[in-house]
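Asks: Here's a sequence, model it:
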Amino acid sequence: MKKTLSIVAALSVALSAQGMAAEKFTFMTNWYAQAEHGGFYQAQAQNLYRDAGLDVTIKMGGPQVHTMQLMAAGQADCIISDNMQALESWQQGVEAVPVATTFQHSAIVFITHPDVKNQADLQGKTFLLAAEAYTSYWPWAQSALNLKNAHVRPYTFSVQPFLADKTLVQQGYVTSEPFAVQKAGAQANVYPISDWGYPPYGNSIVCMKSTIEKRPQAVAAFVKASMQGWKNYLENPAPGNALIKKENPQMTDEQIAFGIAQMKKYQMLTGGDAQTGGIGIMTVPRLKQTWQLLVDNKLIDPAKVPFDGSYTLKFIQDVKVMP
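Replies: Here you go, the predicted model:
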């Protein structure tokens, strides 16, 4: 009996110590909770972070939430961003470093009416663009897609202007605006700009350089658990979806299902280098392409933002959570 009590006591102490050892870690997404963040919520729901020794808090972003600034101010350890935004942050003195990615290519799309059959048909169209487009994909599109003379109007995050005017092309996110257009009963074409050569990754995990240097084990644990969370989410999203809807009650089952279907259709997580390197993998050539794009379009100064040191692969290259 005494032996049994001793074992129980020892287990209790061990479990208590394990709980006390959990390291607090704050992760901030780039929008309200949705399917595009499913793997992170799945890792939370299935206790993958806890089992990795982390006490993770997931904070939602939103239209007026400047996640890069908040991370720089110490309000988050890592955020969802992309490798292009990370490079631009260096230009402004914020040393933000991508450590892994979610999507193997950008989720940005051009949504057109049925008359646009290919890239050439974009000529002469008027584009609805959000403000951030001008420091990200639009300079590339003007050059690579020969759209220097295109007309531009502000995008107000409503598809109604697009639906009302058959001459418009609007920006979108592959898992979002196409759903709104579909719900409206309209016919439209969806063109991922990555298919035309836009190189950045999408929804990358970006951390401060100082966090990487001071807390490498926590970052490594977060990355590994997140990638397993994504694999599990694609197989059975129910646990993650329950947390998504708890955090964002306006999110519907229909919208979540559409987002998951789009991620699978376009192989957002499982395509490209993920086939050989695992979910979340990044490669030097792809990262260098994005850096060169920004340099060529004079969005960063290579003297202020040298390519070497602007990224790290050490947290993702050996994880190899295969799709």
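
Asks: residue boundaries of the strands in this structure?
Replies: Using DSSP state E, the strands of the chain run over residues 23-28, 54-59, 78-81, 96-100, 108-112, 126-129, 151-154, 168-173, 189-192, 204-208.

Asks: Turn these into JSON lines, columns for mean pLDDT.
Replies: Shown next, in JSON lines, are the strands of the chain (pLDDT from 0 to 100):
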{"stretch": "strand 23-28", "mean pLDDT": "98"}
{"stretch": "strand 54-59", "mean pLDDT": "98"}
{"stretch": "strand 78-81", "mean pLDDT": "96"}
{"stretch": "strand 96-100", "mean pLDDT": "97"}
{"stretch": "strand 108-112", "mean pLDDT": "97"}
{"stretch": "strand 126-129", "mean pLDDT": "96"}
{"stretch": "strand 151-154", "mean pLDDT": "95"}
{"stretch": "strand 168-173", "mean pLDDT": "95"}
{"stretch": "strand 189-192", "mean pLDDT": "96"}
{"stretch": "strand 204-208", "mean pLDDT": "97"}
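
Asks: Tabulate those (a markdown table), appending mean neighbour count.
Replies: The way it works is simple: take the backbone N, C-alpha and C, and place the C-beta from them, glycine included. Shown next, in a markdown table, are those (neighbours: other CB atoms under 10 Å):
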| stretch | mean neighbour count |
| --- | --- |
| strand 23-28 | 18 |
| strand 54-59 | 18 |
| strand 78-81 | 26 |
| strand 96-100 | 26 |
| strand 108-112 | 23 |
| strand 126-129 | 19 |
| strand 151-154 | 12 |
| strand 168-173 | 22 |
| strand 189-192 | 18 |
| strand 204-208 | 26 |
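
Asks: As CSV, those with distance to residue 271 would be great.
Replies: Conversion of the strands of the chain to CSV gives the following (distance: least, CB to CB, whole Å):
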stretch, distance to residue 271
strand 23-28, 24
strand 54-59, 25
strand 78-81, 19
strand 96-100, 16
strand 108-112, 15
strand 126-129, 26
strand 151-154, 30
strand 168-173, 17
strand 189-192, 11
strand 204-208, 15
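
Asks: out of the ones you listed, nearest to residue 280?
Replies: Smallest distance to residue 280 across the strands of the chain (CB to CB): 4.2 Å, for strand 96-100.

Asks: Which among the strands of the chain is found nearest to residue 238?
Replies: Between the strands of the chain, strand 54-59 lies closest to residue 238; by CB to CB that is 17.6 Å.

Asks: For residue 266, find the nearest of the strands of the chain.
Replies: Closest of the strands of the chain to residue 266 is strand 189-192, at 6.4 Å (criterion: CB to CB).

Asks: dump the residue contacts of residue 295.
Replies: Contact partners of residue 295, counting by CB atoms under 8 Å, 6 or more residues apart in numbering, are residue 302.

Asks: Looks like residue 116 contacts residue 169 (just checking).
Replies: Yes. With contacts defined as CB atoms under 8 Å, residue 116 counts as touching residue 169 at a distance of 7.0 Å.

Asks: so where's the protein uncertain?
Replies: 1-20 (pLDDT under 70).

Asks: how about the helices in it?
Replies: Under the criterion DSSP state H, the chain carries helices at the ranges 2-21, 38-45, 48-51, 67-72, 83-91, 137-144, 160-164, 177-183, 209-214, 216-235, 238-247, 253-265, 274-277, 284-296.

Asks: For residue 106, see how far away the most centrally placed residue in the chain is.
Replies: The residue lying closest to the centre of the chain (CA atoms, centre = their mean) is residue 203, at 1.2 Å. For residue 203, the distance to residue 106 (CB to CB, to the nearest Å) stands at 9 Å.

Asks: Just confirm residue 266 contacts residue 178, I think it does.
Replies: No. Using CB under 8 Å, residue 266 is not in contact with residue 178; the gap is 10.7 Å.

Asks: Check which residues of stretch 268-285 are buried.
Replies: Neighbour-count burial for stretch 268-285, counted by 16 or more other CB atoms under 10 Å, picks out 268-270, 272-274, 277-282.

Asks: Can you tell me which of those lies closest to residue 308?
Replies: residue 282 (14.8 Å).

Asks: Could you check how far the closest one is from residue 124?
Replies: Separation of residue 282 from residue 124 (CB to CB): 37 Å.

Asks: cool, and residue 41?
Replies: 43 Å.

Asks: quick one, which of these two is more surrounded?
Replies: Ranked by neighbour count (other CB atoms under 10 Å), residue 41 and residue 124 place residue 41 first, with 26 against 10.

Asks: Quick check, that one in contact with residue 245.
Replies: No. Using CB under 8 Å, residue 41 is not in contact with residue 245; the gap is 9.7 Å.
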